[in-house]
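Peer 1: Dropping the sequence and predicted coords here.
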Amino acid sequence: MDIAFRTPGVLRLEVGDPDFPTPAHIVEAAASAARSGYTHYTPSQGLPEVRQAMAEKLSSFNGLRVGRDDVVVSAGGGHALFAVYRALCDPGDMVLAPDPGWPNYGTIASLTGAAIERYPLLREEGFSPDFDALAGLLDKHPNVKLIVVNTPGNPTGAVWGEEILSRLAELCRIHDVYLISDECYEAITFEKSHISPGTLDAERTVSVFSVSKTYAMTGWRVGYVTGPAEVVSMVGRVVENTVSCAAAVSQKAAEAALRGDQRPVAEMVAAYESRRDLAMERLGEQGLSAIEPEGAFYVMVEVPTADTVAFASELVAADKVTVAPGEAFGPGGSGLIRLSLASDESTIEEGIRRLGRFVRDRVLE
Ligand code: PLP
């Protein structure tokens, strides 16, 4: 990203931020809230009517039977994850997170003094968990407190079904650890529907949500958490002691997003799906192999080198295309780069054309 910001005219395929504007009715609701005085602190857990809207969405969309007191509002999904880690981990505890997976699962752990180990996802099986490896890590490390699950997954685009999620829930039960479910991409699925792990084991699952990706609201900074009462109450205290509360106008914007017209979401998801299809077709034409994503807005593409950091740096220097190096997501991302579908179709097409040419020139060298 730093290179992208410094280099004029780059085609940006590394972004994790929707290129769509926040839908107008959400912006309008926030402006009207600001005019009517939502410019002060709110209760640290969040405004009651906002938590009510979240609880209703959690029941209707996710199938989680929760009330508003089971929900805490945070300053985005990243902050929600920090609050959950902070609430549940002591220094010396361990977090298991997917490999490849969002890098912040590890960096957030280091802020709380917890150690991080990655459990491998099997590339050849659509990035499903390697259950033998995961069970081995749980046997080896009695200090594991949390297993992070991320479906739809960043960077993999994998959408895990009930069988995988039930096996994960069972492992958590056997080893008495919490399952932390990061559902920030819940709305962005193509063929399969999203399943919330909390529907399989409510006692041991802490679920993290965000309005960032679903409603193109990354700059508003609103996330929310639900789970067992004792965890939700601790998360509320972490929110209070880190940001006091999520911004009042942003909470009202999130309420309008959750209660309002959902057609803009369907339109954005349809656009990501058609970009996915376009990207897969163009990658194939360039002779590049990619793992077709089932959700989120990323595509993992195979490149002929394990050093994907050098690859990405050379690509931007030579052809002005930015991609995310797979290794940034853990050793499981080796030999892969992540392309984002959160850019318009012409950027995706031209970026893939340049990527193909770059790979061919590199192989010939
Ligand atoms: N989880 C995953 C997997 C992400 O990719 C991101 C953002 O990129 C987040 C959580 C956090 O998003 P936010 O803090 O904007 O809700």
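Peer 2: Cool, the structure landed. Residues are numbered from 1 along each chain as shown.

Peer 1: Now do stretch 169-184, average pLDDT.
Peer 2: In this model, stretch 169-184 carries a mean pLDDT of 97.

Peer 1: right, is it up against the ligand?
Peer 2: Yes - shown here: stretch 169-184 in contact with the ligand (C-beta under 6 Å from any ligand atom) through D182, C184. Heads up, the C-betas are built off the backbone N, CA and C, glycines and all.

Peer 1: Kindly report the same for stretch 89-105.
Peer 2: Yes - Stretch 89-105 comes into contact with the ligand (C-beta under 6 Å from any ligand atom), by way of W102.

Peer 1: what distance separates that stretch from the centre of its chain?
Peer 2: 14 Å (C-alpha atoms, centre = their mean, to the nearest Å).

Peer 1: Residues of this structure that sit close to the ligand?
Peer 2: 16, 76-78, 102, 150, 154, 182, 184, 210, 212, 218, 223.

Peer 1: Show me how the record splits the protein into domains.
Peer 2: 2-21+263-363, 24-259 (automatic domain parsing).

Peer 1: quick one on the thing from earlier: now intersect the residues of the chain next to the ligand with the strands, please.
Peer 2: Assigned to strands by DSSP state E, the following of the residues of the chain next to the ligand qualify: N150, D182, S210, G223.

Peer 1: ok, so of those, who is nearest the ligand?
Peer 2: The closest of these to the ligand turns out to be S210 (C-beta to the nearest ligand atom; 3.1 Å).

Peer 1: Could you report the distance from that closest one to M217?
Peer 2: S210 sits 8 Å away from M217, going by C-beta to C-beta, to the nearest Å.

Peer 1: Scan the ones in strands among the residues of the chain next to the ligand and report the most crowded one.
Peer 2: Neighbour tally across those (other C-beta atoms under 10 Å): the maximum, 30 neighbours, falls on D182.

Peer 1: Next up, the contacts around that residue.
Peer 2: G77, L81, W102, Y105, V148, V149, N150, V208 (C-beta atoms under 8 Å, 6 or more residues apart in numbering).

Peer 1: Ok, M300 next?
Peer 2: M300 touches 100, 155-157, 290-291, 293, 326, 333, 336-339, counting by C-beta under 8 Å, 6+ apart.

Peer 1: which residues in the stretch 1-150 of the chain form helices?
Peer 2: 2-6, 24-35, 48-60, 77-88, 104-111, 131-140 (DSSP state H, counting those that start in this stretch).

Peer 1: Mean neighbour count and distance to E117 for those helices - can I get that in CSV?
Peer 2: Listed next are the helices of the stretch 1-150 of the chain as CSV, based on neighbours: other C-beta atoms under 10 Å; distance: least, C-beta to C-beta, whole Å:
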stretch, mean neighbour count, distance to E117
helix 2-6, 12, 28
helix 24-35, 16, 39
helix 48-60, 19, 30
helix 77-88, 25, 14
helix 104-111, 18, 9
helix 131-140, 15, 6
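
Peer 1: of all those, which lies closest to V359?
Peer 2: Closest to V359 of those is helix 2-6 (C-beta to C-beta; 18.9 Å).

Peer 1: Can you give the contact residues for the closest one?
Peer 2: Counting by C-beta under 8 Å, 6+ apart, V10, R12, E14, S313, V316, T322 sit against helix 2-6.

Peer 1: Keeping just the C-alphas, turn it into PDB.
Peer 2: The C-alpha trace of helix 2-6 is given here as PDB (Å, rounded to 0.1, in the frame of the first residue of the first chain):
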ATOM      1  CA  ASP A   2       2.800   2.400   0.800                       C
ATOM      2  CA  ILE A   3       4.300   1.800  -2.600                       C
ATOM      3  CA  ALA A   4       0.900   2.300  -4.200                       C
ATOM      4  CA  PHE A   5       0.400   5.600  -2.400                       C
ATOM      5  CA  ARG A   6       3.900   6.800  -3.600                       C
END
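
Peer 1: Pick out the most distant pair among the residues of the chain next to the ligand.
Peer 2: It's N150 and T218 that sit farthest apart of the residues of the chain next to the ligand, by C-beta to C-beta, at 17.0 Å.

Peer 1: hmm, back to that, what's the most buried one of the domains of the chain?
Peer 2: Most buried of these by mean neighbour count (mean count of other C-beta atoms under 10 Å) is domain 24-259; its value is a mean of 20.

Peer 1: who touches the residue most central in space within the chain in this structure?
Peer 2: Of all residues in the chain, the one closest to the mean position by C-alpha atoms, centre = their mean is C184, 4.6 Å from it. Listed by C-beta under 8 Å, 6+ apart, the contact set of C184 reads G77, N150, N154, V208, F209, S210, S212, K213, G223.

Peer 1: Distance of the nearest residue to S196 once chain neighbours are set aside relative to the ligand?
Peer 2: Leaving aside its chain neighbours, S196 sits nearest to N62 (4.1 Å; criterion: C-beta to C-beta, 6 or more residues apart in numbering). Going from N62 to the ligand by C-beta to the nearest ligand atom, to the nearest Å gives 16 Å.

Peer 1: Lowest-confidence one in the residues of the chain next to the ligand?
Peer 2: G16 (88).

Peer 1: contacting residues for A266?
Peer 2: A266 touches nothing, counting by C-beta under 8 Å, 6+ apart.

Peer 1: three-state assignment of it?
Peer 2: With DSSP: H, G, I helix; E, B strand; the rest coil as the basis, A266 sits in helix.

Peer 1: What of S313?
Peer 2: Applying three-state DSSP: S313 is helix.

Peer 1: returning to that earlier point: and of the ones in strands among the residues of the chain next to the ligand, the nearest to Q52?
Peer 2: G223 (16.7 Å).

Peer 1: Surely the closest one and V71 touch.
Peer 2: No - the pair G223 / V71 is not scored as a contact, 10.8 Å apart, by C-beta atoms under 8 Å.
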